[in-house]
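In: Sequence first, predicted model second:
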Amino acid sequence: MPMNIPNLLTWARIVLIPLVVGIYYVPLPVAEQNFIATTAFVIAAVTDWFDGWLARKLGQTSAFGAFLDPVADKLMVAAALVMLVQLDRADAMLAFIIIGREITISALREWMAQIGASKSVAVSFIGKLKTTAQMIAIPLLLWHVPLGPINVQLAGTWLLWIAAVLTLWSMIYYLRKAWPEISARTR
């Protein structure tokens, strides 16, 4: 496992997960819990972008980093969504759609890599849109309280619905791209 700055940033993202979840079990005012969880999630989201950029810029890409980065992303999103459902700030159905898609596509990518066809399920523009919607929705829902005239909860809820729709759309897209390989190997 190469220890370089990009991989350390990815590990930092994983270390932030217990903070995002655990802060809601600490006897603090809700506003402080929301602030800490939102800040930790936003830092994690920024490191997600930054570690990939840095790995490419410094020539420090690695197979381990390529494995760990999406795992960290999916763990962070899943943990935050489960917490939001528990806090009654997100619909369980939306969380299930998003988490279920992540598991399905991760398994599909692993299988496609094993058969040498990983390029057919490479990250697409629709997948990036889905991620962007999630990474904006989740902090808004963690924050929860209005920001001036902005109803943060409503904005976050709408963005989470948009993310869920994009999630299904991107899953269908990836499955259609992989279908020739799937059908050829299941006959």
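Out: Arrived safely. Residues are numbered from 1 along each chain as shown.

In: Pull out the buried residues from the helix or strand hosting Gln134.
Out: In the assignment (DSSP states H and E), Gln134 maps to helix 125-143. The neighbour-count check on helix 125-143 (16 or more other Cβ atoms under 10 Å) flags 126-127, 130-131, 133-143 as buried. For every residue, glycine as well, the C-beta is placed using N, CA and C.

In: Just name the closest of those residues to Leu84, please.
Out: For those, the minimum distance to Leu84 (Cβ to Cβ) is 5.1 Å, reached by Leu141.

In: show me what contacts the closest residue to that closest one other than its chain neighbours?
Out: Excluding the flanking residues, the one nearest Leu141 by Cβ to Cβ, 6 or more residues apart in numbering is Gly156, at 3.9 Å. By Cβ atoms under 8 Å, 6 or more residues apart in numbering, the contact set of Gly156 is 89, 136-141, 143-144.

In: quick one: contacts for Leu68?
Out: Here Leu68 is in contact with 7, 10-11 (criterion: Cβ under 8 Å, 6+ apart).

In: What angle do helix 125-143 and the top helix by length along the chain make with each other?
Out: Ordering each helix of the chain by length in residues (DSSP state H) puts helix 152-185 first. Here helix 152-185 points in a direction 150 degrees away from that of helix 125-143 (axes from the mean of the first three to the mean of the last three Cα atoms, to 10 degrees).

In: In stretch 143-150, which residues are buried?
Out: 143-144.
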